[in-house]
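*Asks:* Sequence first, predicted coordinates after that:
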Amino acid sequence: MSYLKHLYCSACGQHYDPHTVQTFCQDCQAPLLAEYDLQAAKSVLDRDEFKCRPRSMWRWRELMPVYEIENQVSLGEGDTPLLPVPRLAETLGFHHLFVKDESMNPTGSFKARGLSAAISKAKELGIEKVIIPTAGNAGGAMAAYAARSGTEACIFMPKDTPFANMEESRIAGAKVILIDGLISEAAGMAGVKAREEGWYDVSTFKEPYRTEGKKTMGYELAEGFGWTLPDVIIYPTGGGTGLVGMWKAFAEMEALGWLEDMKRPRMVSVQAEGCAPVIKAFHEGAVFCDYWTGAHTIAAGLRVPKSFADQIILRNLRESQGTAVAVSDEAILAAQAELAEQEGIFAAPEGAATLAAFHQLAQSGWVQPEEKVVLFNTGSGLKYLK
């Protein structure tokens, strides 16, 4: 089923066994990534055959980390629409503007991809209880996939997490613990409980497999554009799993010989002005992000004071010759209304932030009217209604 060979440390390169439970590198305290036998896969896999399979991210199963098909825990995630937005493009003077609408996933956000992969691998490894800190959508996704697999779930989330996220987690049977503080405090508490009581922590990049679910967004983009890639991808960045995952997918497709053009997109990381550790580090030329104190923004998924994978995010942005943009909450709200009024897309604040960033980049000339640009809407605005 899978061409997965081993896991490797993103910092030192040390190999880890994917047939046993793994978290992150014990020497470097850095995330682990999955490596596949792409040479063997190249001789067998036909890129055009994948479109004939039943729709879901699991149609890419040979390039996913689960060995046995019966361990796939799926609710039909993936294969979300890649929507041209012609009215918006015309207004802005652009010709090739698209929205990848992840709100169409189960549980209403892109988190379904990562948690489907993580819970599936947990099932294959015999893990019986999983724990996560969340600012919102990841908790609901984990609860749903844990319920689907019969796995016990525990979630730590800030008290000001959107109410819909709390309720979808509870109704799926997860134990929800509300805390005073940000996701960073929730992560600390979840980590303590995991170590003391034997829960498996599926925090962002604290396990190797959520990235593999998110990378399928990159495969879908390439397929959707006839095995070419857009010029620019504008992506809202909290933990950064999707950005790292897509950059990984582009490298895998290059090795497989699937891409018609080897030119990769310039990646743009978008954060809120009230919590912008990646933007600060990128423009200062730093290798790591400093912890962002006093984080605040209406976009709950962007309120991440420091990502565990900050080094990888910054490296991928620079490798892509991309950039990083901070936007205000006022600009996010204006962009959210603009997307809805112009194109009928009720984006989550995190998704709307990409349009706000696009405005900045267009005005500065960093993106040009003839370039193919993809904005990522990572979730549904409905989940933020009070």
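*Replies:* Yep, that arrived. Numbering: from 1, shown residues only.

*Asks:* Tell me the strands beside the helix or strand encompassing residue 234, with direction?
*Replies:* Assigning secondary structure by DSSP states H and E places residue 234 in strand 232-236. Paired neighbours of strand 232-236 in the sheet (DSSP bridges): strand 266-272 (parallel), strand 372-377 (parallel).

*Asks:* Quick one: mean pLDDT over it.
*Replies:* Regarding strand 232-236, the rounded mean pLDDT is 98.

*Asks:* do stretch 141-148 as well
*Replies:* 98.

*Asks:* how far out from the middle of the chain is it?
*Replies:* 17 Å (CA atoms, centre = their mean, to the nearest Å).

*Asks:* Restricting the selection to alpha carbons, write that stretch to CSV.
*Replies:* Only the C-alpha atoms of stretch 141-148 are listed here, as CSV (Å, rounded to 0.1, in the frame of the first residue of the first chain):
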residue,chain,number,x,y,z
ALA,A,141,-11.3,17.2,13.6
MET,A,142,-9.4,15.1,16.0
ALA,A,143,-12.6,14.3,17.9
ALA,A,144,-14.4,13.3,14.8
TYR,A,145,-11.7,10.9,13.5
ALA,A,146,-11.1,9.5,17.0
ALA,A,147,-14.8,8.7,17.2
ARG,A,148,-14.6,7.2,13.7
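
*Asks:* Kindly tell me how buried the residue nearest to residue 246 when sequence neighbours are not counted is, as a neighbour count.
*Replies:* Distance criterion CB to CB, 6 or more residues apart in numbering; nearest residue to residue 246, sequence neighbours excluded, is residue 218 at 3.7 Å. C-beta coordinates here come from the backbone N, C-alpha and C atoms, glycine included. Using other CB atoms under 10 Å, residue 218 has 24 neighbouring residues.

*Asks:* can you check residue 370 too?
*Replies:* 9.

*Asks:* wait, isn't it in contact with residue 93?
*Replies:* No - applying CB atoms under 8 Å as the test, residue 370 and residue 93 come out as separate, 10.5 Å apart.

*Asks:* about what we covered before: now do the strand holding residue 234: everything it contacts.
*Replies:* Contact partners of strand 232-236, identified using CB atoms under 8 Å, 6 or more residues apart in numbering, comprise 221, 242-243, 246, 265-271, 299, 301-302, 322, 350-351, 353-354, 357-358, 361, 367, 371-376, 378.

*Asks:* Of these, which count as buried by neighbour count?
*Replies:* With burial judged by 16 or more other CB atoms under 10 Å, the buried subset of the contacts of strand 232-236 is 221, 242-243, 246, 265-271, 299, 301-302, 322, 350-351, 353-354, 357-358, 361, 367, 371-376, 378.

*Asks:* how far off strand 372-377 does whatever helix or strand comes next after the strand holding residue 234 point, in degrees?
*Replies:* Of the helices and strands lying after strand 232-236 in sequence (DSSP H and E), the nearest is helix 241-256. Taking axes from the mean of the first three to the mean of the last three CA atoms, to 10 degrees, helix 241-256 and strand 372-377 form an angle of 140 degrees between their directions.

*Asks:* What is the distance between helix 241-256 and the centre of its chain?
*Replies:* 12 Å.

*Asks:* same thing with stretch 131-147?
*Replies:* In terms of CA atoms, centre = their mean, the centre of stretch 131-147 is set 14 Å apart from its chain centre.
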